[in-house]
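Chemist: pasting a predicted model and its sequence here:
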Amino acid sequence: MDPDMTLLLFFLGCSLIACSKFPLRQYHYVDMVMTWTDAQHYCRENYTDLATFENMEDIHRLNRPQLSSTWTWIGLRDAQKSWKRTMGNDVNSWRWSATGETSKSGYHNWETYQPDYYQGKETCVMMASNGQWFDQPCHLLKPYVCYSEINETQKTYMYIDTERSWFKARTYCRTHHTDLAMIENSTENTEVYFTKPTSASAWIGLYREPWTWSDQTRISFTNWKSTAPDNYYSQHCAAESNLHIWNDLRCRDKFTFLCHEVSILKTTVRMMIQTDADITDPSTNNQILQQLGSVLQSQGFTGFTLQWKLQPKKQPPETLNTPYA
């Protein structure tokens, strides 16, 4: 084949910069009342998902019509199944400070009725005087237990009798030891219990980041009203008011809802490639696309797919031989 080919590269997606400047999400108010879960199902069936917001620009693009309910569901939720007396594997699950990951063993030692996320503020964990765990607001000043890792299977624990917030306790432990105490089995829990005074409560390294978007976008922006979230009577789903201010409400309540639909940018790039390889060969084709994809990712492009269309190199027109008269 002719080694000089024109490659039309169809780029489906956008860069992080382009996404912030282009309204990829189109929002749709649905004037039907449903529970949060039913609204999620409806949005996924008819659009992309319940509404996600990443900045105030998204909020400013909303034009709320007259709706049959005061509140309107959005895609934000703090699913109990991921953190209520469990060590789940979801984004809002409990995780250990030392790894930033959820429990590998699934071990926990929660007190009765704990964790309860009281008043929507308790996202860090302490060990009580009985050796069991309970969640507390991270800003409280309390003593804490650090650990140092000798090898992958052995830890030593140190009790620090200085009251600090959970975050400042973590900083101290990371500076002078490995991290705040990580506990993956009953033996380690017993060691931590006897490391501290048995009558004392102390921070350990368990924490979580509540609230995630239905489409699994990591939460980086919120627009809560001043008193929310407060988890009043188990409120684990978010809704917006006519002023676009958010509140946490019971997921089983029925409101109108807001879906979003994702648009896709399609960009065509014309490239000239000179090669002796057979570009029409599927293996060669895929290899080149993979290499192009790696280059684009290294430049900050995400959420894209690549396609191409080969065009033969244009040949100059044949010269007409006109006989002389």
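Modeler: Alright, I've got the coordinates. Numbering: from 1, shown residues only.

Chemist: what is the least confident helix or strand in this structure?
Modeler: Taking mean pLDDT, DSSP states H and E as the measure, the chain has helix 16-21 as its least confident helix or strand, at a mean of 41.

Chemist: how far out from the middle of the chain is stretch 68-85?
Modeler: Its chain's average C-alpha position is 16 Å from that of stretch 68-85, according to C-alpha atoms, centre = their mean, to the nearest Å.

Chemist: pull out the buried positions in that stretch.
Modeler: Judged by neighbour count using 16 or more other C-beta atoms under 10 Å, the buried positions of stretch 68-85 are 71-80, 82-83. In short, each C-beta sits where N, CA and C put it, glycine included.

Chemist: could I get the residues you listed as TSV with pLDDT, distance to Phe257 and secondary structure?
Modeler: Formatted as TSV, the entries for the buried residues of stretch 68-85 read as follows, by pLDDT from 0 to 100; distance: C-beta to C-beta, whole Å; DSSP: H, G, I helix; E, B strand; the rest coil:
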residue	pLDDT	distance to Phe257	secondary structure
Trp71	98	9	coil
Thr72	98	6	strand
Trp73	98	4	strand
Ile74	98	8	strand
Gly75	98	9	strand
Leu76	97	12	strand
Arg77	96	12	strand
Asp78	95	17	coil
Ala79	90	17	coil
Gln80	90	20	helix
Ser82	90	22	helix
Trp83	95	24	coil
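
Chemist: about what we covered before: just checking, next helix/strand downstream of the least confident helix or strand of the chain?
Modeler: Later in the chain than helix 16-21, the nearest helix or strand by DSSP states H and E is strand 25-34.

Chemist: hang on, the earlier thing: quick check: the farthest pair among the buried residues of stretch 68-85?
Modeler: Set against one another by C-beta to C-beta, the buried residues of stretch 68-85 have their most distant pair in Thr72 and Trp83, with a gap of 25.6 Å.

Chemist: what residues sit buried inside the helix or strand harbouring Phe194?
Modeler: Here Phe194 sits within helix 186-195, counting by DSSP H and E. Within helix 186-195, the residues scored as buried using 16+ other C-beta under 10 Å are 188-189, 191-193, 195.

Chemist: quick one, phi/psi of the nearest residue to Glu122 once chain neighbours are set aside?
Modeler: Once its chain neighbours are removed from consideration, Glu122 has its nearest residue in Asp135; the separation is 3.9 Å (C-beta to C-beta, 6 or more residues apart in numbering). The main-chain torsion angles of Asp135 are listed as degrees, to the nearest 10 and equal phi -90, psi 150.

Chemist: give the contact list for Asp135.
Modeler: Contacts were defined as C-beta atoms under 8 Å, 6 or more residues apart in numbering; by that measure Asp135 touches 114-118, 122-126.

Chemist: among the residues you listed, which pair sits farthest apart?
Modeler: Tyr117 and Met126 (14.3 Å).

Chemist: partner residues bridging Trp73?
Modeler: On the basis of DSSP bridges, Trp73 takes part in beta bridges with Ala239, Phe257.

Chemist: oh, I was asking about Cys146
Modeler: Taking DSSP bridges, one obtains Met158, Leu180 as the residues bridged to Cys146.

Chemist: give me the neighbour count for it.
Modeler: Residues within reach of Cys146, counting by other C-beta atoms under 10 Å, total 26.

Chemist: reformat the buried residues of stretch 68-85 as a markdown table; add distance to Trp166.
Modeler: Listed next are those as a markdown table, based on distance: C-beta to C-beta, whole Å:
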| residue | distance to Trp166 |
| --- | --- |
| Trp71 | 32 |
| Thr72 | 34 |
| Trp73 | 32 |
| Ile74 | 29 |
| Gly75 | 28 |
| Leu76 | 24 |
| Arg77 | 24 |
| Asp78 | 19 |
| Ala79 | 23 |
| Gln80 | 22 |
| Ser82 | 20 |
| Trp83 | 16 |
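
Chemist: list the residues that contact the spatially most central residue of the chain.
Modeler: Of all residues in the chain, the one closest to the mean position by C-alpha atoms, centre = their mean is Arg218, 2.4 Å from it. Residues counted as contacts of Arg218 (C-beta under 8 Å, 6+ apart) are 91, 212.
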